[in-house]
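Engineer: Give me a model of this one.
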Amino acid sequence: MRHLLLLFAVVLMMIACSRKGTSLKSESKPELSEFHDLFVAAENPDVECYRIPAIVTAPNGDLIAAIDERVPGCADLRGSRDINIVLRRSMDNGDSWTDIQTVVDFPDGKSASDPSMIVDEETGEVFMFYNYMDLDKEKDVYYLHVVKSSDNGNTWSEPFDITDQITKAEWHNDFKFITSGRGIQTKDGWLLHTLVNLKNGLHIFGSKDHGASWFLIDTPIEVGDESKIIQLDNGDWMINSRVNQGGRRYVHVSDDQGQSWTSRPANQLTDPGNNAGIIRYSSKSAGDDQNRLLFCNTNSEKGRKNLTIRISYDEGKTWSDGKVIYPGSAAYSSITILENGEIGVFFERDDYSRNTFVKFPIEWVK
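Structural biologist: Model (predicted):
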């Protein structure tokens, strides 16, 4: 009799579930994908270090992951005679990747560093920026270059020097550089990116003609080191900045296309002084049901560790507590939105020994 009652209860439960459109099987929980280590120096006997990750989604949906190939060691541009820009691409939302492709490789004594990219959705072109130095001819003098791809990162143009267009003559000997990671395209088609001059402040540069020419907005922004710019849903520009004191990020907002800025500490965004990533996931003005921004950094006041991603529903005024992507040693990170709507993060980990890609659905962040 007990077995009959149990069988009857199970049948009733199945009927109830079918009426509700559910099943007895529990719903799958959104999770992180497996880590894909894209650049590991220990696997390449000719390279001592890979650093400074940057990732974008090309117009056709391919992923482009670029990085410094630091041949003699992990030193930055001023301290290395041989740094190249290399990349890998994925045609299946990050499940598999091409072999390493070299984009920029100068002779010994001339180095390129700190890749960053902007995707022009109107023309289908991808711009890659980097900082250049000739250590034999002009050591400690930074030049700023760009290359361009018209086939989703498969091939690239010859380097073009835009230093004179986006800096001032009196900055020639200053410590200046384009921030690694990525820039943006605004609603009206402008290409925008951040440029740091450690003596004269953070600046915005860009193009109004799809990269045919470039301009500098000569309004210094304080305080800010490596920074990322996004456009708010109302059209304002917002910069999220690394600062090297206080254990927090800084935010700057402009409602007049960069001619003036309002700045404030971002007290929710704990940071040890590190490059980070910020990107728009959705926008009401584009027809989405809500505004969503994503921010990824090493969520720690001291020490580069605890890589965390947060979400904001109010255009960066407040942020969620965040989800931890990797609790251990981590450093620079770059974010992109995959063609299937998932989020991809490309980041340095384990004391710069590995550069890793991971992806996850928006539900995992929420």
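Engineer: how about Ala42, phi and psi?
Structural biologist: Taking degrees, to the nearest 10, you get phi -60, psi -20 for the backbone angles of Ala42.
Engineer: The one 5 residues further on too?
Structural biologist: Phi and psi for Val47, reported as degrees, to the nearest 10, are phi -130, psi 130.
Engineer: Where does pLDDT dip in the protein?
Structural biologist: For the chain, the stretches with pLDDT under 70 are 1-28.
Engineer: Could you pull out the helices in it for me?
Structural biologist: 2-20, 163-166, 362-365 (DSSP state H).
Engineer: in the stretch 251-366 of the chain, which spans are strands?
Structural biologist: 262-270, 277-282, 292-298, 305-312, 323-337, 343-349, 354-360 (DSSP state E, counting those that start in this stretch).
Engineer: My error: substitute the stretch 1-150 of the chain in the last question.
Structural biologist: Remark: strands of the stretch 1-150 of the chain, listed N- to C-terminal, are 36-40, 49-57, 63-70, 83-90, 101-104, 110-120, 125-134, 143-149; assignment by DSSP E, counting those that start in this stretch.
Engineer: so how many other residues sit close to Val223?
Structural biologist: Burial measure for Val223: 17 neighbouring residues, criterion other CB atoms under 10 Å. For every residue, glycine as well, the C-beta is placed using N, CA and C.
Engineer: how about it, what does it touch?
Structural biologist: In this structure, Val223 makes contact with 202, 241, 243, 250, 263, judged by CB atoms under 8 Å, 6 or more residues apart in numbering.
Engineer: Among the residues you listed, name the buried ones.
Structural biologist: For the contacts of Val223, a neighbour count by 16 or more other CB atoms under 10 Å gives the buried set as 202, 241, 243, 250.
Engineer: Which one, of the strands of the stretch 251-366 of the chain, ends up nearest to Asp134?
Structural biologist: Proximity to Asp134 (CB to CB) singles out strand 323-337 among these, at 25.0 Å.
Engineer: What are the buried residues along that closest one?
Structural biologist: With burial defined by 16+ other CB under 10 Å, the residues of strand 323-337 counted as buried are 325-326, 329-337.
Engineer: same check, this time on stretch 139-156
Structural biologist: Counting neighbours by 16+ other CB under 10 Å, one finds that the buried residues in stretch 139-156 are 141-149, 152-153, 156.
Engineer: Isn't Asp321 up against Ile311?
Structural biologist: No - with contact defined as CB atoms under 8 Å, Asp321 and Ile311 do not form a contacting pair (9.9 Å).
Engineer: which one of those two has more residues nearby?
Structural biologist: The neighbour comparison of Asp321 against Ile311 (other CB under 10 Å) goes to Ile311, with 18 against 10.
Engineer: Can you tell me who that one pairs with across the strands?
Structural biologist: As for beta bridges, Ile311 partners with Leu294 under DSSP bridges.
Engineer: my read: it touches Phe360, true?
Structural biologist: No - under the criterion of CB under 8 Å, Ile311 makes no contact with Phe360, lying 11.9 Å away.
Engineer: returning to what we had before: from the buried ones among the contacts of Val223, which is closest to Glu342?
Structural biologist: Each of those was scored against Glu342 by CB to CB, and Ser241 proved nearest at 27.2 Å.
Engineer: so who does the closest residue to the closest one other than its chain neighbours touch?
Structural biologist: Leaving aside its chain neighbours, Ser241 sits nearest to Gly224 (3.5 Å; criterion: CB to CB, 6 or more residues apart in numbering). Contacts of Gly224 were listed using CB under 8 Å, 6+ apart, and they are 194, 196, 201-202, 239, 241-243, 250, 252.
Engineer: Please check which residues sit opposite the closest residue to Asn240 other than its chain neighbours as beta-bridge partners.
Structural biologist: Take Asn240 and drop its neighbours on the chain: the residue closest to it by CB to CB, 6+ apart is Ile278, 4.8 Å away. Going by DSSP bridges, Ile278 is paired in beta bridges with Phe295.
Engineer: and Ile278, how many neighbours does it have?
Structural biologist: A count of nearby residues for Ile278, using other CB under 10 Å, gives 26.
Engineer: I'd like the contacts of Gly224 laid out as JSON lines, including distance to Asp188.
Structural biologist: Compiled in JSON lines, the contacts of Gly224 are given as follows (distance: CB to CB, whole Å):
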{"residue": "Thr194", "distance to Asp188": "19"}
{"residue": "Val196", "distance to Asp188": "25"}
{"residue": "Gly201", "distance to Asp188": "25"}
{"residue": "Leu202", "distance to Asp188": "23"}
{"residue": "Ile239", "distance to Asp188": "18"}
{"residue": "Ser241", "distance to Asp188": "24"}
{"residue": "Arg242", "distance to Asp188": "28"}
{"residue": "Val243", "distance to Asp188": "30"}
{"residue": "Tyr250", "distance to Asp188": "26"}
{"residue": "His252", "distance to Asp188": "20"}
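Engineer: of all the residues you listed, which comes closest to Asp82?
Structural biologist: The shortest approach to Asp82 among the contacts of Gly224 belongs to Val196, at 23.8 Å (CB to CB).
Engineer: Could you pull up the residues touching the closest one?
Structural biologist: Listed by CB under 8 Å, 6+ apart, the contact set of Val196 reads 176-179, 202-203, 224-227.
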